[in-house]
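**Student:** Generate a structure from the sequence data that follows.
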Amino acid sequence: MSSGVHLPRRNFVGIGLGGMLAALTGIDVTASAERAIVKGKAKRVMVIFEQGGVSQMDTWDPKPDAPAEHRSPFKTIKTNAGGVYFTELLSKTASVADKLTIVRCMTQPTPGIGNSHPKGSQYIFSGEAPGGPVEMPDIGCVVAHKAGTDALYLPSNILLPGTSEQAPTSQVGFMPPGYAVFKTGGSPADPSWRVPNLGLMAGIDERRFKDRRDLLSSLDVGYVDAGRSKDVEAMHSLMDQAADMLTNPLTRKAFDLSTEPQSLRDKYGTGHRGQCYLLARKLIDSGVRYVTVDAREPMRSFRDGKPAYYDGGNNMNWDHHDAIYATGNTNIKGGGAGAGRFGIQTWPMMGSTDQAFAALIEDMHQRGLLDETLVCFVTEFGRTPHINERQGRDHWTHSFSFAFAGAGVPGGQVVGSTDRDGGYITSPMAYTIEDYAATIYEKLGIDRSKPIITPTGRPVTLAARGKPIPELF
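**Tutor:** Sure thing, here's the model as predicted:
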């Protein structure tokens, strides 16, 4: 190399994408080395992960006949889909129910996960129960490997913002680091927010960048028949994608919410959650294959471009062990694990969620994005049918609800049923998180019969214990 350091040609192959890009710029990207995908209804996937355990009987699965002492205080309302009912906390989402399938019979039977948010989050990210013989990659990592992206100037697997306490449970597992999720960081509601690491490093202009790239492309990577090697072709493809991400002006544009009409930003909600949902739609529209939103309003947020403060809130996920129906924060005397949140009906909780999700579904429908995008609204488990002594609801794995839309998912449909308390499944069908993962792979047309081989040679079948949810097809 120009520095005088000699790198043996046979070792250059082992550098991989991360090493090649570091030689160019010093950063890593997510890329696609394989496009082993057959035709499926979905081309892209958006996962809305509302972490902490959303209360099913307060949202998707109303129980007006539950005992008064444990009943949700929120009214049951009609939706625009005949025979489908939500609670009034989803009054805006009720207007798009004709585009949704609500699965009320989700369950999580794996022992030892129900009391662990990290394990539950890892379960959602990977679609596999943690603790198996190998560390499983996120579903998004597998999709990046199998399907790549429609936009070479963007990562194919993005988590936004990727700053919550459960974000580290998103992992690449046994797969190469090049497929790790790209985390945006920060808050798109902040007027000064910019995505880091999406430009050339200081001191490296485009001319110098091109010189380094040309130098790498001229190297013999050590194959006798380098001109026809699939591995070499794949490596050159990854280099092209890395270069495109760092030089293409469309990269930053895809993350720039200032290009969206203010009226649309207002419709989603100008807080952290609303702007994260809007950014997810923008990334899907830009061709990103797999986008996950894991958002909750921070204590110090932004609304209408100005600072907004939620006194007493410090981790506003859905873990409502205390004072779930508080009109402010949940920091009650004698409370415990549920402190630091706001009541479920408040703006930073279901108020912002209902507005953002309804706007997302309507926006994607109007743009034609729902035709080929699977949207999944998920949580790691539900809440107990009984209110505890701290006026909260604890973790509950026996039954909870997911919502789906797009990519051929029938609209205006409810799948499964629970008893009058919302605690136990009463329908013949019950579905697991493995079934959820299998559904995503099936929708994308990824052949699960072909295992992924780990670096140690172990074949791993995707969602081996799961089956696609038939009512979503």
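**Student:** Tell me where the protein has helices.
**Tutor:** 9-12, 16-24, 117-126, 139-147, 206-217, 230-247, 249-254, 262-268, 272-285, 352-366, 433-444 (DSSP state H).
**Student:** So Ile387 versus Met57, what's the distance?
**Tutor:** Separation of Ile387 from Met57 (C-beta to C-beta, to the nearest Å) stands at 10 Å. (C-beta placed from N, C-alpha, C; glycine too.)
**Student:** Of the two, give the one with the bigger neighbour count.
**Tutor:** Between Ile387 and Met57, counted using other C-beta atoms under 10 Å, Met57 has the larger neighbour count: 29 against 17.
**Student:** Tell me the spacing between the more buried one and Phe400.
**Tutor:** From Met57 across to Phe400, the span is 10 Å (C-beta to C-beta).
**Student:** shared neighbours of the two, anything?
**Tutor:** Taking C-beta atoms under 8 Å, 6 or more residues apart in numbering as the criterion, Met57 and Phe400 both touch Arg383.
**Student:** thinking again about what came up before, if you average pLDDT over each of the helices of the chain, which comes out lowest?
**Tutor:** Ranked by mean pLDDT, the helices of the chain bottom out at helix 9-12, with a mean of 31.
**Student:** Let's see the pLDDT reported for the residue nearest the centre of the chain.
**Tutor:** Nearest to the geometric centre of the chain sits Thr292, at 1.8 Å (C-alpha atoms, centre = their mean). Thr292 carries a pLDDT value of 98.
**Student:** cool, the one 5 residues further on as well?
**Tutor:** What the model reports for Glu297 is a pLDDT of 93.
**Student:** What spatial separation is found between the nearest residue to it once chain neighbours are set aside and Asn329?
**Tutor:** In space, and not counting its chain neighbours, Glu297 is closest to Pro348: 3.6 Å by C-beta to C-beta, 6 or more residues apart in numbering. Relative to Asn329, Pro348 is positioned 10 Å away (C-beta to C-beta).
**Student:** go on, His386?
**Tutor:** 23 Å.
**Student:** Quick check on these two: which one has the bigger neighbour count.
**Tutor:** Asn329 (22 against 14).
**Student:** quick one: that one and Asp311 touch, right?
**Tutor:** Yes: Asn329 lies in contact with Asp311 (C-beta atoms under 8 Å); the separation is 6.8 Å.
**Student:** in stretch 150-162, what's buried?
**Tutor:** By 16 or more other C-beta atoms under 10 Å, the buried positions in stretch 150-162 come out as 151-162.
**Student:** tell me the contacts of Asp311?
**Tutor:** 299, 328-329 are the contacts of Asp311 under C-beta under 8 Å, 6+ apart.
**Student:** Correction: the previous question concerned Gly53.
**Tutor:** Neighbour list for Gly53: 117, 120, 318-320, 379-383, 395-396, 400 [criterion: C-beta under 8 Å, 6+ apart].
**Student:** hmm, which of these are the buried ones?
**Tutor:** Buried residues within the contacts of Gly53, counting neighbours by 16+ other C-beta under 10 Å: 117, 120, 318-320, 379-383, 395-396, 400.
**Student:** hang on, the earlier thing: list the residues that contact both of Ile387 and Met57?
**Tutor:** Shared contacts of Ile387 and Met57, counting by C-beta under 8 Å, 6+ apart, come down to nothing at all.
**Student:** how near is Ile433 to Gly423?
**Tutor:** From Ile433 across to Gly423, the span is 19 Å (C-beta to C-beta).
**Student:** Out of these two, name the residue with the larger neighbour count.
**Tutor:** Neighbour count, other C-beta under 10 Å: between Ile433 and Gly423, Ile433 has more, with 27 against 20.
**Student:** so what's Asp322 closest to, chain neighbours aside?
**Tutor:** Excluding the flanking residues, the one nearest Asp322 by C-beta to C-beta, 6+ apart is Gly338, at 3.2 Å.
**Student:** Next, count neighbours for the one you found.
**Tutor:** Gly338 is flanked by 23 other residues according to other C-beta under 10 Å.
**Student:** residues touching it, list them.
**Tutor:** Neighbouring residues of Gly338 by C-beta under 8 Å, 6+ apart: 319-324, 330, 390, 392.
**Student:** Redo these as TSV? Include pLDDT and distance to Leu374.
**Tutor:** Formatted as TSV, the contacts of Gly338 follow (pLDDT from 0 to 100; distance: C-beta to C-beta, whole Å):
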residue	pLDDT	distance to Leu374
Asp319	98	27
His320	98	28
His321	98	32
Asp322	98	35
Ala323	98	35
Ile324	98	30
Thr330	98	33
Arg390	97	38
Gly392	98	33
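**Student:** Pipe the residues you listed into CSV and attach distance to Ser263 per row.
**Tutor:** What follows is the contacts of Gly338, written out as CSV (distance: C-beta to C-beta, whole Å):
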residue, distance to Ser263
Asp319, 34
His320, 33
His321, 39
Asp322, 38
Ala323, 36
Ile324, 34
Thr330, 34
Arg390, 42
Gly392, 38
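**Student:** No more questions from me, cheers.
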